[in-house]
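Asks: Here is a sequence with its predicted model. Questions after.
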Amino acid sequence: DVKVTQSSRYLVKRTGEKVFLECVQDMDHENMFWYRQDPGLGLRLIYFSYDVKMKEKGDIPEGYSVSREKKERFSLILESASTNQTSMYLCASSLPWWGREGNQPQHFGDGTRLSIL
Amino acid sequence: SQQGEEDPQALSIQEGENATMNCSYKTSINNLQWYRQNSGRGLVHLILIRSNEREKHSGRLRVTLDTSKKSSSLLITASRAADTASYFCATDAGETSGSRLTFGEGTQLTVNP
């Protein structure tokens, strides 16, 4: 089974801190994704990566950056944490886009519930 | 607005009953996927249906796709209390390797014992 591991289940940080959320997958997947999930807003894509050192902005990249130095690891960075970044953060991975078959199923970690005080 | 929108937002049924959730979308798609999320956990992929398929089964799950109406439904038969979760549809409308899934806001299913 695919395992996607997020470094922390719960995290509390202070406004202005630089925050790192780590995600590791063990299935050699090319694609990796970071989402945030908020009540009433569903899942919103922050960034995704379809190869090492490649990244693409999602729908809400402002205030975030990402790093993918190795295939198995995708890091989300909050450059200067703010209270409106309090949320549940979900990492996912998948096999690559498959032509007319489209995007493959995504495998999710258990999430990091981040609180910014 | 969301590419995939689930209906209803919340559904409460008794154990043993069937549960039906619907998903509507706006543009043509390559495939549509259904996911489940238990409270406080990540999403788990349930089933993928391609645009050229009309129905797919997996255990107690049955998914239908009507591309002419741009809609899909997820049926869970003989529901159990353990089926209590949020269910999301996700659509893939992309044409390039940079495309991605767009998730709806989900249906919260409660199965009462």
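Replies: Happy to help now that I have it.
Asks: Within range of chain B, give me the residues from chain A.
Replies: A:4, A:33, A:35, A:40-43, A:45, A:48, A:50, A:56, A:58, A:90, A:92, A:96-97, A:100-103, A:105-111, A:113 (C-beta under 8 Å from any C-beta of the partner chain). All C-beta atoms are positioned from the backbone trio N, CA, C, and that covers glycine.
Asks: Recalculate using a threshold of 6 Å.
Replies: A:42-43, A:48, A:50, A:56, A:90, A:97, A:102-103, A:105, A:108-111 (C-beta under 6 Å from any C-beta of the partner chain).
Asks: any idea where the helices of chain A begin and end?
Replies: Using DSSP state H, chain A contains no helices.
Asks: The residue most central in space within it bridge partners, please.
Replies: Centroid-nearest residue in chain A, with C-alpha atoms, centre = their mean: residue A:34, separated by 2.1 Å. Beta-bridge partners recorded for residue A:34 (DSSP bridges): residue A:47, residue A:91.
Asks: if I look at the closest residue to chain B within chain A, how far off is residue B:29?
Replies: For chain A and chain B, the shortest gap (C-beta to the nearest C-beta) falls at residue A:102, measuring 2.8 Å. Distance from residue A:102 to residue B:29, counting by C-beta to C-beta, to the nearest Å: 7 Å.
Asks: Please give the number of neighbouring residues around the residue of chain A closest to chain B.
Replies: By other C-beta atoms under 10 Å in any protein chain shown, 22 other residues sit near residue A:102.
Asks: what's the burial count for the residue nearest to it when sequence neighbours are not counted?
Replies: For residue A:102, ignoring the flanking residues on the chain, the nearest one in space by C-beta to C-beta, 6 or more residues apart in numbering or on different chains is residue B:30 at 2.8 Å. Using other C-beta under 10 Å, residue B:30 is surrounded by 20 other residues.
Asks: which residues touch residue B:30?
Replies: A:102, B:51, B:92 (C-beta atoms under 6 Å, 6 or more residues apart in numbering or on different chains).
Asks: for residue A:10, same thing?
Replies: By C-beta under 6 Å, 6+ apart, residue A:10 lies in contact with residue A:113.
Asks: Also residue B:85?
Replies: Taking C-beta under 6 Å, 6+ apart as the test, what residue B:85 contacts is B:36-38.
Asks: and the gap between it and chain A?
Replies: 13 Å (C-beta to the nearest C-beta, to the nearest Å).
Asks: bridging residues for that residue?
Replies: Using DSSP bridges, the beta-bridge partners of residue B:85 come out as residue B:109.
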